[in-house]
Structures are given as structure tokens and as C-alpha cells.
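Student: how would this look folded up:
(chains A, B, C and D)
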There are 2 protein chains.
Amino acid sequence: MEKTLRADARRNREKIMVAARELFAREGEDVQIEQIAAHAGVGIGTVYRHFPTKQDLVTELVRSRFQQFTEIALAAEEIEDPAEAVATLFTESANAVEGDAGFQMAIMGVEDLEWEGIEEEKAAFAGPATRIIERAVKAGAIRPDFSFDDFPMLMCGITSTMYFGPGGGEWRRHLDLILAGLRPG
Amino acid sequence: MEKTLRADARRNREKIMVAARELFAREGEDVQIEQIAAHAGVGIGTVYRHFPTKQDLVTELVRSRFQQFTEIALAAEEIEDPAEAVATLFTESANAVEGDAGFQMAIMGVEDLEWEGIEEEKAAFAGPATRIIERAVKAGAIRPDFSFDDFPMLMCGITSTMYFGPGGGEWRRHLDLILAGLRPG
DNA sequence: CACTATACGGAACTAAGATTCCGTTTGTCA
DNA sequence: TGACAAACGGAATCTTAGTTCCGTATAGTG
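Tutor: Residues are numbered from 1 along each chain as shown, chains lettered A, B, ... in the order given. Okay, the predicted model is just below:
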């Protein structure tokens, strides 16, 4: 199916993805399709040929970010110390998102957030992440009432604070407090 | 100066404020001026006579919310137990904002957030809030590296999680974790 | 009760940005 | 090397929502 794409089409699609990734990361969701097309060196029509909707393009980028989360979770699962594994899961995920304004806005997005077409990636991430958290709970390394269900919400919260202050980076204090709050007792 | 307003004008201004407060709270910042006008039972032109810009209207509502924060802070300052005062400051502020989608979006607003015309209200709030936090730090009731500077960021984070999940209310777990994270040691 | 400055209503105007359309170009295959 | 389907480019179109304008209505005043 992918093979059916003509050579130039495949090349252009890639250029669009790269340009979109960079611009969405830098400017957030409000970059215009026109800018993305210009940055990619293609026409507007070409962008629409590959991604019928702006949302489709955003979804694609969110999807790849989720895949990165899964990699992070799988790596964190290898860490022996249960508490450290949890801390790494949080910290690395946040770091991955730090420079990506588009993703931040996407997961904070108030409306629609159907995340259609992302379920699969979400599920792939939930597996290792859940195991990491449950292991820590069983080991008594974190408070027993914590579960994976809280993770997305907390990441949303941490993410939203990435905009704060001039230089940024203040969100690390937020993360710090949450990690401290995870301690049992 | 207020006296110069004609009776019907004063009445309409009030109707607009009430309608805007309700709609912004329910729908968030994306309600249209037209809806507000309709809900208030006045024409679009009338809304613009009183608030030259949509932003002016939002600012007005944010301002009154800040005044409420100040009241909360002053009340919390009366609490004897330093740790409880801090917890109350957080909890009550968050509660006040729970049903107000417009305010939430406003303080999370990525762009412009100049908050011109709010400096005064912000300063009025900073006074008692700072005293509450510093008292708790001095008493060893919360971690010593915490300061008022962290408060706005954290409120932003908590606020952003108010959208999460179906029923909502999950943000209380977020707040809970942060409060737990404030403990010294 | 006139008279006038204020205020009102809402159609019309704009701006911004997403999406469509269609004439032109180019890869692919025989 | 044709021939043609697949792709391309970007002007034109559509849509949405904020804002302006101006003819009409009315509170306040002498």
C-alpha cells in the first residue's frame, strides 16, 4: 500500500512531516498549513494531498511522540530500583515533551480530544507504564493509592506548566513536588 | 465617573457581566460575543459599548476572580496551624476555579498573557499568600525551598487537570499529591 | 413637554486561516 | 519515447468570529 506511492510523493510526505514536526514543536498548534508547506518547500495543495486535515497532521505527530513514550517506559522498566523506575518514567517523559509546544497544546486541548487513531499507541504505552507503577506500589516504594490512571492527568499538569515564567524550566519544581508527593506514608 | 452612566446603561452593563460570567464559566473562552449578547438580552453593539474588546471582558472577569483569591488568602491567614493554612490556600483556590472554564483557559493561555490591568489585584493577593507560605516554612511545616513564586505555576498545573476524565474531580488527586509533596524532608 | 447627549441594535465589514479546485507537471510503465 | 494516472502548486473560496457603523430609541434635564 505504501509502495503505491510515487517516488516524489513519498519524498514530499517526508519533507512535510519533518517541517511540521519542527514548526509545531517551536510554535505550537497555531502554525498555519501555509507555513508548513513553505517550510517544507511544497505547495499547500500537496500538504492537503497527504493530510486531508490539519488535525490529521497533528495526530500523526502525536502518534510518534507516544511511540517515544513507549520506548521510554520500556527502558525504565529495566531499572531495578522500583522508585527510581517511576521517577525516571515521569522525568524522561516530561523531558521528551519539553521542547514540543505542539504536543503540549495537543494533550492539553480542551475540546474534541478524541485521540482517534491513537488508541493503539496509548495501549502500547500503558502496558510497561502500568507494570512500573504496580511494581513500585507492591514494593512499598510509592503510596499505595497511586495507579497508572493518574499518570496521564499528571503529565497533563506538568506539561501545562512548561509555559510558565520567562526562561521556563520551572516545571521541574512541579515535577519535583509530585515525585515527592508519591512517597509512601 | 460611574455616576455618569445612564441608568439603562448601568443596568445593561450588569446584565452583560452576569451573562458573560455564566457563559465563560460554562463554555470557556470560546463563547462568542454574539452568544453573550443574546444571553444578556442586549445587542452586540451594546456589549462593545461597554467592553471595546472581548479581551476586556475576559480581563474584567479574571479580575473579580483574583479578588476572590485575595479573600480566600486573607481568610486562610487566620488559621493557626501553618500547614493547614497552606493547604487551605491551595484547596480553596482550586475549588473556586473548578467550575470556571473561562478562567482556567485564561490562566493557561499560552500567548499574550500580559495580564495588563490585573497587576493590582495580583499584588493584593501576593501579600497574604506570601505570608502564609513563609510562616509555614519558618515553622518547618513545609519544605524550606518552597516559596510563593511556585504558587501560580502550581495552580496553573492543577487547573489544567480539571478537564481530565469524564466526571472530573480527578484533579483533586493531583492537588493531593502536590500537598503531600510539600511536606518537609 | 421638547431637546440633546447617551445608549441601543444588529446588519455589514474584516481578517485570518482552513480547505477546495483545477490547470499544469512529472513519475512510471510498456 | 509516448501515454496517462498520480502529484503538484497556489489562487480562489469558504467559514468563522471579532469589530465597526450608523440610523433609531430613550434617559435626563430645563
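
Student: all helices of chain A, in order?
Tutor: Along chain A, the segments classed as helices by DSSP state H run A:7-27, A:33-40, A:44-50, A:54-77, A:82-98, A:101-108, A:119-138, A:150-160, A:171-182.

Student: Save those helices as TSV, and put in distance to residue B:100 and mean neighbour count too.
Tutor: No exception for glycine: its C-beta is placed from N, CA and C like everyone else's. Putting these into TSV (distance: least, CB to CB, whole Å; neighbours: other CB atoms under 10 Å in any protein chain shown) gives the following:
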stretch	distance to residue B:100	mean neighbour count
helix A:7-27	28	17
helix A:33-40	33	17
helix A:44-50	38	16
helix A:54-77	27	18
helix A:82-98	27	19
helix A:101-108	17	22
helix A:119-138	29	17
helix A:150-160	16	23
helix A:171-182	22	20
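
Student: Pick out the shakiest of these, pLDDT-wise.
Tutor: Among the helices of chain A, helix A:101-108 carries the lowest mean pLDDT, at a mean of 89.

Student: picking that back up, residue B:75 is nearest to which of the helices of chain A?
Tutor: helix A:171-182 (24.1 Å; CB to CB).

Student: do that closest one and chain B meet at all?
Tutor: Yes. Contact of helix A:171-182 with chain B (CB under 8 Å from any CB of the partner chain) involves A:171, A:173, A:174, A:176, A:177, A:178, A:179, A:180, A:181, A:182.

Student: Within reach of DNA strand C, which of those are there?
Tutor: Among the residues of helix A:171-182 next to chain B, none lies close to DNA strand C by the criterion of CB under 7 Å from any atom of the strand.

Student: Closest one of the residues you listed to DNA strand D?
Tutor: residue A:171 (29.3 Å; CB to the nearest atom of the strand).

Student: Need the max-distance pair from the residues of helix A:171-182 next to chain B.
Tutor: A:171 and A:182 (16.6 Å).

Student: tell me, what residue is most central in chain A?
Tutor: For chain A, the residue nearest the mean C-alpha position is residue A:65 (4.3 Å; CA atoms, centre = their mean).

Student: Contact partners for the nearest residue to that residue once chain neighbours are set aside?
Tutor: Counting by CB to CB, 6 or more residues apart in numbering or on different chains, the nearest residue to residue A:65 once its immediate chain neighbours are dropped is residue A:103, at 5.1 Å. Residues in contact with residue A:103 (CB atoms under 8 Å, 6 or more residues apart in numbering or on different chains) are A:24, A:25, A:61, A:62, A:65, A:97.

Student: List the contacts of the nearest residue to residue A:177 once chain neighbours are set aside.
Tutor: The shortest distance from residue A:177 to any non-neighbouring residue, by CB to CB, 6+ apart, is to residue B:181 (3.6 Å). When the contact criterion is CB under 8 Å, 6+ apart, the partners of residue B:181 are A:176, A:177, A:178, A:179, A:180, A:181, A:182.

Student: Now do residue B:181 against residue A:91, distance only.
Tutor: Going from residue B:181 to residue A:91 by CB to CB, to the nearest Å gives 15 Å.

Student: swap in residue A:159?
Tutor: 13 Å.

Student: So which bits of chain A are right by DNA strand C?
Tutor: So chain A meets DNA strand C at A:6-8, A:30, A:32-34, A:44-45, A:48, A:52-55 (CB under 7 Å from any atom of the strand).

Student: how about those residues in TSV, adding distance to chain B?
Tutor: Listed next are those as TSV, based on distance: CB to the nearest CB, whole Å:
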residue	distance to chain B
A:6	39
A:7	39
A:8	36
A:30	8
A:32	15
A:33	19
A:34	19
A:44	24
A:45	29
A:48	25
A:52	24
A:53	19
A:54	17
A:55	17
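
Student: filter those by proximity to DNA strand D?
Tutor: Answer for the residues of chain A next to DNA strand C near DNA strand D (CB under 7 Å from any atom of the strand): A:6, A:8, A:44, A:45, A:48.

Student: Determine which two of these are furthest apart.
Tutor: Counting by CB to CB, the most remote pair of these is A:6 and A:44, 19.1 Å apart.

Student: doesn't residue A:36 make contact with residue A:22?
Tutor: No. Residue A:22 is beyond contact range of residue A:36, at 9.1 Å (criterion: CB atoms under 8 Å).

Student: who wins for proximity to residue B:164 among the helices of chain A?
Tutor: Using CB to CB, the helices of chain A put helix A:150-160 closest to residue B:164, at 4.5 Å.

Student: what is the orientation angle of that closest one with helix A:82-98?
Tutor: 40 degrees (axes from the mean of the first three to the mean of the last three CA atoms, to 10 degrees).

Student: Distance check, the spatially closest residue to residue A:162 that is not a sequence neighbour against residue B:73.
Tutor: Using CB to CB, 6+ apart and skipping the chain neighbours, the partner closest in space to residue A:162 is residue A:171 (4.7 Å). Residue A:171 sits at a distance of 24 Å from residue B:73 (criterion: CB to CB).

Student: give the contact list for residue A:100.
Tutor: Counted by CB under 8 Å, 6+ apart, residue A:100 has contacts A:24, A:25, A:65.

Student: So which bits of chain A are right by DNA strand D?
Tutor: Residues of chain A lying near DNA strand D (CB under 7 Å from any atom of the strand): A:4-6, A:8-9, A:12, A:41-46, A:48-50.
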